[in-house]
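1. After the sequence you'll find the predicted model.
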Amino acid sequence: MLRVALLRGRARPEMGAEMDTIRRSFLILALLASVAACSPGTATGTPPTQLPVAATPSPGETLAALPSATPVPAATPTALGSGAGRIAFYSDRDGGYDDIYLMDTGGSGLVRLTQGQGNSFSGPFSPDGSRILFTGFDPTRSYVGVMNADGSGQTDLTKRPDSDEAFPAWSPDGRRIAFTSRRDGNNEVYVMNADGSDPRRLTNSPKDDFAPAWSPDGARIVFVSDRDNQTGIYSLYLMNADGSKVTRLTKDKSSDYSPDWSPDGTKIVYRSIRDGQADIYGIGVDGSGALNLTQNPADDYAPRWSPDGKWIAFQTNRDKNWEIYVMDASGGSLVDLTNNPADDQLPYWMP
């Protein structure tokens, strides 16, 4: 089971017998597991040998807009073209704590947004691009925060000294924020107003529900849960935005994390270990046509669609440390955007 250790004052995920001083609840274990289950070069989230690997989709199951999973490397970040966008991510490149950065996908314009006294994990932009959600860490808890897109005005939205909060997600209209909290004893999905007021619980399960993401029309939320599985084996679920009509989306008997909707609302990308390592998959919102987009022996995590639906950003340790890559929506034309000896993780596109 994953545990979080305090190593030189920084939260790091470890495995089994390697665990050290335990500080965080499972909420933060899940957060770190869904981002990077352990340091590059070590086994991450490999399913138990008794769990079957899902079969290759039959010809009739292929996902229409994701026809290929054969990466074709691109030479430089300029392959994305001008105006492809900007991406927020977090990194330890300046030493000490993890901080949030903003970069241009053309390979320039890197800006450091946070310089706090604790780790800050990047989150999504508001729909108008003016603000960024993040998960902040202080000595005793984690919290959902918000800041302006230039890093100013950092504010704790959840203000719960007795609970860990994480995984924030904006509603498409910018009026609400979905997030995960342990305030009622286990991980559940909540929603609150954009100013942090009126928090309401959407899920109610004795197992763990976390990592919500809104559909583009705001009608549904996809989230991660082990409610129908062995504890710690996660699937993706869909529910209405009010918490009703929960349905299971993935049934591959291995852990699935980090869901994100395509801008047209027809597909979801996520990270799965169904083929033995952490790869990026695409699936239809009806649960059909799961397709491995990365097919790489390294570990790939945290996929995020670009606003125009043409690109998918993700993090990978294929270069022996965590880097932010971008690929096209079919899994090709890979570009390493960060190319830095430090660990760069958890990308989010600016609208």
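-> Perfect, thanks for sending it. As the structure is a computational prediction, the values presented were derived from the model and not from experiment.
2. where does residue 109 fall, phi/psi-wise?
-> Main-chain dihedrals, residue 109, degrees, to the nearest 10: phi 70, psi 30.
3. who's in contact with it?
-> Contacts were defined as Cβ atoms under 8 Å, 6 or more residues apart in numbering; by that measure residue 109 touches 86, 102, 103. All C-beta atoms are positioned from the backbone trio N, CA, C, and that covers glycine.
4. let's go with 7 Å and repeat that
-> Going by Cβ atoms under 7 Å, 6 or more residues apart in numbering, residue 109 touches residue 103.
5. Could you measure from it over to residue 191?
-> The gap separating residue 109 from residue 191 is 34 Å, by Cβ to Cβ, to the nearest Å.
6. And stretch 270-284, end to end?
-> The first and last residues of stretch 270-284 sit 11 Å apart, counting by Cα to Cα, to the nearest Å.
7. any idea of the mean pLDDT in it?
-> In this model, stretch 270-284 has an average pLDDT of 94.
8. What residues sit buried inside it?
-> Of the residues in stretch 270-284, 270-275, 277-284 count as buried by neighbour count, 16 or more other Cβ atoms under 10 Å.
9. Show me those that map onto helices.
-> Helix and strand membership here follows DSSP state H; of these, not one is in helices.
10. May I ask which two of the residues you listed are separated the most?
-> 277 and 284 (23.0 Å; Cβ to Cβ).
11. helices or strands up against the helix or strand that contains residue 136?
-> Secondary structure assignment for residue 136, by DSSP states H and E: strand 131-138. Identification of packing neighbours for strand 131-138 by 3 or more Cβ pairs under 7 Å, 6 or more residues apart in numbering; DSSP states H and E yields strand 120-125, strand 141-148, strand 165-170.
12. What pairs with it, parallel or antiparallel?
-> According to DSSP bridges, the neighbouring strands of strand 131-138, each with its direction, are strand 120-125 (antiparallel), strand 141-148 (antiparallel).
13. hang on, the earlier thing: including mean pLDDT, could the helices and strands packed on strand 131-138 go into a markdown table?
-> Rendered in a markdown table, the data for these read as follows (pLDDT from 0 to 100):
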| stretch | mean pLDDT |
| --- | --- |
| strand 120-125 | 97 |
| strand 141-148 | 97 |
| strand 165-170 | 97 |
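14. and the ones you listed as CSV, adding distance to residue 205 and mean neighbour count?
-> Putting the helices and strands packed on strand 131-138 into CSV (distance: least, Cβ to Cβ, whole Å; neighbours: other Cβ atoms under 10 Å) gives the following:
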stretch, distance to residue 205, mean neighbour count
strand 120-125, 24, 25
strand 141-148, 21, 23
strand 165-170, 16, 26
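15. Tell me which stretches of this protein form helices.
-> Secondary structure of the chain by DSSP H: the helices cover 26-36.
16. any chance of the strands paired with strand 131-138 in CSV, with distance to residue 183 too?
-> Written out in CSV, the entries for these read as follows (distance: least, Cβ to Cβ, whole Å):
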stretch, distance to residue 183
strand 120-125, 19
strand 141-148, 11
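17. Which one, of these, ends up nearest to residue 195?
-> strand 141-148 (8.9 Å).
18. before we move on, back to that, narrow the buried residues of stretch 270-284 to those in strands?
-> When DSSP state E defines the strands, the subset of the buried residues of stretch 270-284 inside them is 270, 271, 272, 279, 280, 281, 282, 283, 284.
19. Closest one of the residues you listed to residue 333?
-> Using Cβ to Cβ, residue 280 is the member of these that lies nearest residue 333, at 14.0 Å.
20. How about the contacts made by that closest one?
-> Residues counted as contacts of residue 280 (Cβ under 7 Å, 6+ apart) are 269, 271, 293, 294, 300, 303, 312, 314.
21. Kindly recompute the last result at 10 Å.
-> By Cβ atoms under 10 Å, 6 or more residues apart in numbering, the contact list for residue 280 reads 69, 258, 269-272, 291-296, 300-303, 312, 314-316, 325, 327, 331.
22. Just the buried ones from these?
-> Using 16+ other Cβ under 10 Å, the buried ones in the contacts of residue 280 are 69, 258, 269-272, 291-294, 296, 300-303, 312, 314-316, 325, 327, 331.
23. Filter these down to the ones in strands?
-> Per DSSP E, these map to strands at 258, 269-272, 291-292, 300-303, 312, 314-316, 325, 327.
24. any low-confidence regions in this protein?
-> Within the chain, the set of residues satisfying pLDDT under 70 comprises 1-84, 107.
25. Distance of residue 124 relative to residue 302?
-> According to Cβ to Cβ, residue 124 stands 12 Å off from residue 302.
26. residues near the closest residue to residue 196 other than its chain neighbours, how many?
-> Leaving aside its sequence neighbours, residue 196 sits nearest to residue 157 (Cβ to Cβ, 6 or more residues apart in numbering; 3.6 Å). Here the neighbour count serves as a burial measure; for residue 157 (other Cβ atoms under 10 Å) it reads 23.
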